[in-house]
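Engineer: The amino acid sequence is not available; the structure is as follows:
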């Protein structure tokens, strides 16, 4: 780890100010990716601006239409929340299966989606549920938030305040885990709304995306069999020692089928 | 039986300190004035070292010294050695390239040691290491086991043409070939034994301190064998004479073989602490462990069996290429030779076996012993081949094994491959395992699984291994540079409590409990009054350490022999005190009694008399403290049958082990709870190899599984709850009747798992690790 300045702020405004003053600062929102990267000397921010002390970013609130999760709410808190379990059980289940207990207790939803790891779980839910990412500057539709590998719509000094998930619909998340890291080789978050189906796919490509072809098939017939004839673009799939592009494409379909069965 | 004696599942004495954070590991050792070593490692698999410029790095904050291979050579510090000779088929010894602890002129694998930076803090050492400027002349790399010895390959060491360390044929080729000519059937199998990174929980570490007053170096190091470390560092590396070098293996958090060897870092730390007259500490990080710990396995082999029309094995032919990595680690040469080919008979009466092992160099980390060491490779090959034979002959895998087992009455049994098995009842273990696994009910379970779209498979593995390593004369004949006896000293203190010094080393096995149980059983001293001491060359007599499931079978016997001597001496002391003839003294449960009377004296009082000999037998030495050495007459041969049942999801290729049954013959069990833990750990290790762990280098020799993000270790949810039982036999040559249990699971499990998957899929073979994608592809091709 290289030397850096550590700043613990207590408000979003202070966080933004600290970022603007820093030479090459980074927000830390749990640090479950940031700190290992720094320990390996693969990142060397001048300043770490720790959001852990910003009380306004923590908490879960549920109203008639949405579940709103503060950006600094831990995965463990989301998983354990009876309100989330009642409103969107698939989301609580997703949170409860991220990483390991240490990661779930330190890692946060804001940190996860701001990092946008191609194999992270939350992005699939944000996309599929059509969530809204609220920052200190604006509301960003979930569909427009994830731009590319480790790349989001956030500006340098933009802080995620909360993520709001609509309660409507029946949802399921099916994850095929990497046997080593337990990240998603493929994760499919499927939501059946009254007016149609939305599918968020993570792990398969450079960045979580909407599974438009899968949605089209399922809007025609909400059955597992409808997936069989879907052709997915293998050339866009990730490939590594754990899964080839062809296998990943296959797994997307299998996980989607299983999500359909879970929602049926 | 004494309370807490042999056969009691005594809770582990050592766990109190381990579970409450009071363990004392090498990295816990901190002394005033300590400096920190950080190694500059090669980022290339194969390169000439054109130049090393340390000037900028030396000026970096906190740097005490930066040392390179030139400094080592200047100080006359010798290269790392390999201690076992294997004679190649040209009559020459195996090729042993120079293995300097810091590279001299060339680097040969990613992670190879180029220089060491020693600084006041670890962060400062790392900062300076980045400023060491090295001009590498990058060379093509050799990374593949299968092709390393091909004619036009890049050469790694001048001394080893075609990257060959040795070609080692064993057996009567002509006789074997002749049987194959006329056999009813020949079954053939090509297979890979996947390379593994051993991954003990505690990474390697070394902390060296030099006392300029006594001119003694004290080296704390993660070792399984402190005296072997001291011997090699003294005799071959010229670090310091043995009497001026203290090696301490304090609490060590897992070894599995990887901490047997003498590594570059340890030698460099020991050398640097004297050179700089400052304490030096190095602790491996996990990335370094992946790069530079000795790896395990890595074979490519072809196996053939000749059978008669009844499915009897007539002859076996095996051709193996074994990857030894870039240099020879301490015991590397013996792993794919003596520890492998001599186990190829397995549990069977196969009368003729011919094996040829080609050991090759590659630009990868050195490969050496890892839990089982050669025996898992032999067992995997044989037990997979036996299943192929069963398929080819249309026989049930259990039945073909029954037809070929060495019968009970044939023990001791001389195999055609050197080993003479001590005792065994292979049919008993098989039948018990089949019962435990409900083998007969499998078809119904498979049908039920099929109705859920799942493929169920069942697989057997009947293994035998050679443990209790080893008779010194036998290993000496083979080319080992050491004897493999063990030592013990059992010392009563005047107040009657006991210190047991063993030359073995415990790094998770629970010796402090098991050995105390031996002593409480034999001497009747309460277990809480017994302390087992190991791991420090300044405290214990010379010993050979722990590996090859030898500690109880060899070291335990040495303890028992020392106890016998105490009893003999105690009889003299008691006879004098009780005014009886020595011949009338009996000893049981801690008391010396005069036969036929109620006159008795507890062993604690005898000890007091021995230290305060006011009234004492004439001519008898005072003191109550005996030592003993034990050199075994033979290896011990644990054996057993494991049965694995899997369910494969053909849609995803996921494999779930739904049931795992193991019936082992370890001889007598001292602490059944500890044995069961060893069996569990071993099976999980084997399941890891079968399903998850696959160390991979790319064509440039870059390690692409260099962290837990890519290297999959087994976890609790990868395995079911195990069904464990025993079918013990009594090894006649072992005075305690014990065989050893630490490696069995890692040996028995891989073929059981792969046999089960092959059975589920209906395919001839699938290589390890059977990852979801590999299984999915195999399922596709079988469908």
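Structural biologist: All right, it came through fine. Remember, predicted model here, so these are calculated numbers, not experimental data. Numbers count the residues shown, from 1 in each chain, chains lettered A, B, ... in the order given.

Engineer: Now do the same contact list for residue 75.
Structural biologist: Just so you know, I chose chain A. A:95-96, A:98-99, A:103-105, A:107-109, A:112 (Cβ atoms under 8 Å, 6 or more residues apart in numbering or on different chains). In short, each C-beta sits where N, CA and C put it, glycine included.

Engineer: Chain B is the one I meant
Structural biologist: Contacts of residue B:75 by Cβ under 8 Å, 6+ apart are B:271, B:275.

Engineer: Name the nearest residue to residue B:557, ignoring sequence neighbours.
Structural biologist: Spatially, and ignoring its direct neighbours in sequence, residue B:557 is nearest to residue B:630 (4.4 Å; Cβ to Cβ, 6 or more residues apart in numbering or on different chains).

Engineer: wouldn't the one you found be in contact with residue B:562 here?
Structural biologist: No - using Cβ atoms under 8 Å, residue B:630 makes no contact with residue B:562, being 9.4 Å away.

Engineer: More neighbours: which of those two?
Structural biologist: residue B:562 (25 against 22; other Cβ atoms under 10 Å in any protein chain shown).

Engineer: What is the host helix or strand of that one packed up against?
Structural biologist: Using DSSP states H and E, residue B:562 falls within helix B:557-577. Under the contact definition 3 or more Cβ pairs under 8 Å, 6 or more residues apart in numbering or on different chains; DSSP states H and E, helix B:557-577 sits against strand B:486-492, strand B:498-502, helix B:511-523, strand B:585-588, strand B:591-594, helix B:603-611, strand B:625-630.

Engineer: Go through the longest one and flag the buried ones.
Structural biologist: What it means is helix B:511-523. Buried positions in helix B:511-523, judged by neighbour count with 16 or more other Cβ atoms under 10 Å in any protein chain shown: B:511-523.

Engineer: What average pLDDT does it get?
Structural biologist: For helix B:511-523, mean pLDDT is 98.

Engineer: ditto for the first one
Structural biologist: Averaging pLDDT along strand B:486-492 gives 98.

Engineer: and that strand, which strands flank it?
Structural biologist: Note on strand B:486-492: by DSSP bridges, its sheet partners are strand B:498-502 (antiparallel), strand B:625-630 (antiparallel).

Engineer: try the fifth one
Structural biologist: Each strand paired with strand B:591-594, and its direction, by DSSP bridges: strand B:585-588 (antiparallel), strand B:600-602 (antiparallel).

Engineer: Please compute how far the first one lies from its chain's middle.
Structural biologist: Between the mean C-alpha location of strand B:585-588 and the chain-wide mean there is a distance of 40 Å, by Cα atoms, centre = their mean, to the nearest Å.

Engineer: cool, and stretch B:581-596?
Structural biologist: Counting by Cα atoms, centre = their mean, stretch B:581-596 is centred 43 Å from the centre of its parent chain.

Engineer: picking up where we left off before, now the residue nearest to residue B:557: how far from chain A?
Structural biologist: Using Cβ to the nearest Cβ, to the nearest Å, residue B:630 is found at 43 Å from chain A.

Engineer: contacting residues for that residue?
Structural biologist: Residue B:630 sits next to B:485-488, B:554-555, B:557-558, B:561 when contact means Cβ under 8 Å, 6+ apart.

Engineer: Mind doing that once more with 7 Å?
Structural biologist: B:485-486, B:554, B:557-558, B:561 (Cβ atoms under 7 Å, 6 or more residues apart in numbering or on different chains).

Engineer: can you check residue B:342 too?
Structural biologist: Residues near residue B:342 by Cβ under 7 Å, 6+ apart: B:417-419, B:466.

Engineer: so which of those residues comes closest to residue B:493?
Structural biologist: Closest approach between the contacts of residue B:342 and residue B:493, by Cβ to Cβ: residue B:466, at 38.4 Å.

Engineer: contacting residues around the nearest residue to residue B:211 once chain neighbours are set aside?
Structural biologist: Distance criterion Cβ to Cβ, 6+ apart; nearest residue to residue B:211, sequence neighbours excluded, is residue B:218 at 7.4 Å. Applying Cβ under 7 Å, 6+ apart to residue B:218 gives the contacts B:209, B:246, B:248.

Engineer: Most neighbours among these, which one is it?
Structural biologist: residue B:209 leads those on contacts (other Cβ under 10 Å) with 23 neighbours.

Engineer: Kindly state the beta-bridge partners for that one.
Structural biologist: Listed by DSSP bridges, the beta-bridge partners for residue B:209 are residue B:218.

Engineer: Thank you kindly, that will do.
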